[in-house]
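[1] turn this into a model:
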Amino acid sequence: MNETIKSAFSQLKSNKLRTFLTMLGMFIGIGAVIIILSVGEGVKAYFNDQFSQMGKGTIEINTREYTEENMITQEDLEVLGEIPEVKTTMNYHNGYFATTKDYKKNTKDAMIFGIPYNIGEVQSFKVIEGRMISEVDEGLKSNVVVVDTNFARVMYNRTSSKYVLGKTVELNISGEPQSFEIIGIIKSEIPSFVPIDQIPLLCYMPFSTVDRIVGYGDGRSYDSLIVIEDAYDANDYTYSIQRILEKRHGKKDIYKVSTLTEQVDQINNIINTLNIFVSLVAAVSLIVGGIGIMNIMLVTVRERTREIGIRKALGATDKQILSQFLIEALILTVVGGIIGLLIGYIGGLLIASLITVTAKMTLGMVIFSVGTSSVIGLVFGVYPAYKAAKLDPIEALRFE
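    Modelled structure (predicted):
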């Protein structure tokens, strides 16, 4: 067997250009699939990390029908807070649109979030400059706002967050222009591949301030967060929370109650589905590469017909001839698969760096690369190898 493997390597090295071109299909096919999978794993890790910052015990409540009677009241939160395993309850105002003017006097869209002062119990923000909303801001319903680093770049064309701190920005919310002091700048969590000019600017204000402007001033909201104690599984409480709210409001199916882990699972399932679909498309090049390998091996058998005849005349068996050509096909595909794996991972790292995520290589990808290339080598190499093994030695010796 060692002699057979050495002979196979020798034959492949004797025609380096042909060997390279034959493996090219494997480079491209395996490389494309690995790029897609590694970037996909990186994107999944990114979203998992973002949601993990909010804690696995967080339950989100969203109202399906935006009517006054469906709003979640402070009394609702007090009832939910009586559940022994509930640690924190809070309403928040989610994504009210506003407009503002940038340094060029161009109109920019903004999205306003009304957050309670204790939002840190649910979600962590990385403060670059200044501070977050305080209990005093909440109590006074102060006209203050926390913005992200993208806000500084778009509104003031500045990369330094210090320049923005303390400035006053005018925001038109619900047709009512008001001035707000910027008290803090947080790190933007929007991936760099998203064009910041095409999305609204994010602004975080005290819940009570937004409540005064767009709400009813009594703490009601369409969205809430419930935090379950770490020792318990939040998924066990979604149904009971939904039933309590439905009973209190006398309606069914008006609230969507979900844990953050459920939302992460949904995102992961979408990414996995996209990965499978795009990988299947990329895998077409693997089939094309396999056909190319079979064609080259058939040409090789024809070119080496006389050599096969001499080997058979000297006592080589059909099995030995079959093994040699099959090993040559396997070497072409497996080596091509390993190189494709490396090319794909490097390509994944480069693409992932452009969208501020980290490409991930998994054991499954390595097994896929080596396993797929081996199967292709066997499937597309067996016919040329069988044809070589079944050559008549006398006819082969006569071949010119």
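[2] next, count neighbours for the closest residue to H249 other than its chain neighbours.
    Leaving aside its sequence neighbours, H249 sits nearest to N70 (Cβ to Cβ, 6 or more residues apart in numbering; 6.3 Å). In short, each C-beta sits where N, CA and C put it, glycine included. Counted with other Cβ atoms under 10 Å, the neighbours of N70 add up to 16.
[3] phi, psi for N70 please.
    Backbone torsions of N70, given as degrees, to the nearest 10, read phi -90, psi -10.
[4] can you point me to the longest strand in the chain?
    Scanning the chain for the longest strand, with DSSP state E as the assignment, gives strand 86-101.
[5] now do the helix or strand just after that one: distance to the chain's middle.
    The C-terminal neighbour of strand 86-101 among helices and strands, as given by DSSP states H and E, is strand 107-115. Strand 107-115 sits 26 Å away from the centroid of its parent chain (Cα atoms, centre = their mean, to the nearest Å).
[6] so the residue nearest to H249 makes contact with T63?
    Yes. N70 lies in contact with T63 (Cβ atoms under 8 Å); the separation is 5.1 Å.
[7] any common contacting residues for those two?
    Listed as contacting both N70 and T63 by Cβ atoms under 8 Å, 6 or more residues apart in numbering are 222, 254-255.
[8] on that earlier part again, which residues does the residue nearest to H249 contact?
    By Cβ under 8 Å, 6+ apart, the neighbours of N70 are 63-64, 222, 249, 251, 254-255.
[9] distance of the residue positioned nearest the centre of the chain relative to N15?
    Using Cα atoms, centre = their mean, the residue of the chain that lies closest to the mean C-alpha position is V43, 2.1 Å off. V43 sits 42 Å away from N15, going by Cβ to Cβ, to the nearest Å.
[10] so where's the protein uncertain?
    1-9, 11-12, 50-55, 191-196, 394-400 (pLDDT under 70).
[11] mind checking how far K167 is from A283?
    K167 is 53 Å from A283, by Cβ to Cβ.
[12] what is the neighbour count of V210?
    As a measure of burial, V210 has 23 neighbours, counting by other Cβ under 10 Å.
[13] I meant to write E121 there.
    E121: 14 neighbours (other Cβ under 10 Å).
[14] tell me the bridge partners for the residue nearest to it when sequence neighbours are not counted.
    Excluding the flanking residues, the one nearest E121 by Cβ to Cβ, 6+ apart is T88, at 5.1 Å. On the basis of DSSP bridges, T88 takes part in beta bridges with V227.
[15] any idea how far G381 is from T88?
    63 Å.
[16] pick out whichever of the two has more residues nearby.
    G381 (24 against 18).
[17] quick one, what contacts that one?
    Counting by Cβ under 8 Å, 6+ apart, G381 has contacts 293-294, 297, 325-326, 328-330, 332-333.
[18] looking at those residues, which one is closest to L202?
    T333 (49.6 Å; Cβ to Cβ).
[19] wait, a strand at that closest one?
    No. T333: not assigned to a strand; according to DSSP: H, G, I helix; E, B strand; the rest coil it is helix.
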